[in-house]
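Undergrad: Structural data only, the sequence is not supplied:
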């Protein structure tokens, strides 16, 4: 592998890892607090991508400047979290918190399937590509490689900002401390007056919004078509399991590891690009069943 291919693989891996982390950290947050493996997280990612593409197309058709493509991403993430995530938690998930894990998986899988059909009903089955944000930021020459500013600079900055902001939110704000208290012991938190239902609702809205944000940020970089949600949720589960359930910082490092592994596989041995993330997961779990950064009794977020 020459220097140019090495740099391309490195940059691709970093950009892909940033997207995977943004989605996986929402899944980690939901599981860390609510103890539910939310299979529907992948559909929320896909809905964020579709909604962003549609809003951007509408904004451009209305004659507004292309720069409005970026606010469309934020609006889409908020809508996914509040309009879609909030009602899902309130109407469905709240009723299964104390049910067996198998039932929880079945319910969230059913939500996933319903949302997949909703996507086909609204947007059809033909690929959608809306790259205005990507083109607007242009390219930059890094060493001997021309690469998009959007993927090389913006996506990693968003991921790093999200990691720092999420840690600040959980450790330094009242709402974050309420979430941590409920995570540690729900019954004790309720006994001192914390409304666990509101904490769970807030957590799911934030987690769903992060899934939508991941889809929104991914929309300019890829074709949006049915099935992208399934691919992302499986990869997000791999990141969460490899890092250790409930580990936010661990999810960031694991996403980088898996992103780079997948990217280098594309350039060195393309037939294994789908397999590599799961080989990494299996190798880690064989040695450390609790994950790279987890512990057998951990409930950390």
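TA: Yes, it's here. The structure displayed is predicted, hence computed values, not measured ones.

Undergrad: Quick one: residues contacting residue 89.
TA: 200-201, 204-205 (Cβ atoms under 8 Å, 6 or more residues apart in numbering). Glycine gets a C-beta too; all of them are placed from N, C-alpha and C.

Undergrad: Just the ones of the residues you listed in helices?
TA: Residues of the contacts of residue 89 located in helices (DSSP state H): 200-201, 204-205.

Undergrad: Report the contact partners of residue 255.
TA: Per Cβ under 8 Å, 6+ apart, neighbours of residue 255: 17-18, 20-21, 24, 239.

Undergrad: gap between it and residue 27?
TA: 11 Å (Cβ to Cβ, to the nearest Å).

Undergrad: what about the chain, any weak spots by pLDDT?
TA: 1, 295-301 (pLDDT under 70).

Undergrad: which among the ones in helices among the contacts of residue 89 gets closest to residue 169?
TA: residue 205 (13.0 Å; Cβ to Cβ).

Undergrad: What count of nearby residues applies to the closest one?
TA: By other Cβ atoms under 10 Å, 22 other residues sit near residue 205.

Undergrad: thought it was touching residue 82?
TA: Yes: Residue 205 is within contact range of residue 82, at 6.0 Å (criterion: Cβ atoms under 8 Å).

Undergrad: Can you tell me the element residue 73 falls in?
TA: helix 69-79 (DSSP states H and E).

Undergrad: Show the subsequent helix or strand relative to that helix.
TA: helix 86-91.

Undergrad: That following helix: which residues count as buried?
TA: 86, 88-89 (16 or more other Cβ atoms under 10 Å).

Undergrad: now, which of these sits nearest residue 115?
TA: Checking these one by one against residue 115 (Cβ to Cβ), the nearest turns out to be residue 88, at 9.3 Å.

Undergrad: The closest residue to that closest one other than its chain neighbours: what's it in contact with?
TA: Distances taken as Cβ to Cβ, 6 or more residues apart in numbering put residue 111 closest to residue 88, at 6.4 Å, once the chain neighbours are dropped. Applying Cβ under 8 Å, 6+ apart to residue 111 gives the contacts 39-40, 43, 88, 92.

Undergrad: Could you say which helix or strand holds residue 111?
TA: Residue 111 belongs to helix 101-123, assigned by DSSP H and E.

Undergrad: Could you give me the buried positions within that helix?
TA: Those would be 104, 107-108, 111-112, 115-116, 119, 123, for helix 101-123 by 16+ other Cβ under 10 Å.

Undergrad: Show me how far it is from its chain's centre.
TA: Mean-position distance between helix 101-123 and its chain equals 17 Å (Cα atoms, centre = their mean, to the nearest Å).

Undergrad: coming back round to it: nearest to residue 290 among the buried residues of helix 101-123?
TA: residue 104 (20.8 Å).

Undergrad: Roughly how far does the closest one sit from residue 197?
TA: From residue 104 over to residue 197 (counting by Cβ to Cβ), the distance is 17 Å.

Undergrad: So what's the residue count around residue 194?
TA: Residue 194: 17 neighbours (other Cβ under 10 Å).

Undergrad: Return the residues in contact with it.
TA: Contacts of residue 194 were listed using Cβ under 8 Å, 6+ apart, and they are 178, 181-182.

Undergrad: Reformat those residues as CSV; add secondary structure and neighbour count.
TA: Formatted as CSV, those follow (DSSP: H, G, I helix; E, B strand; the rest coil; neighbours: other Cβ atoms under 10 Å):
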residue, secondary structure, neighbour count
178, helix, 19
181, helix, 17
182, helix, 24
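
Undergrad: Can you lay out the residues you listed as TSV showing distance to residue 268?
TA: As requested, those are exported to TSV (distance: Cβ to Cβ, whole Å):
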residue	distance to residue 268
178	47
181	47
182	45
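
Undergrad: which residues in the stretch 101-250 of the chain form strands?
TA: Using DSSP state E, counting those that start in this stretch, the strands of the stretch 101-250 of the chain run over 139-142, 145-148.

Undergrad: in its sheet, what does the first one sit against?
TA: Strand 139-142 pairs in its sheet with strand 145-148 (antiparallel), by DSSP bridges.

Undergrad: what does the partner strand contact?
TA: Contacts for strand 145-148 (Cβ under 8 Å, 6+ apart): 4, 7-8, 11, 134, 137-141.
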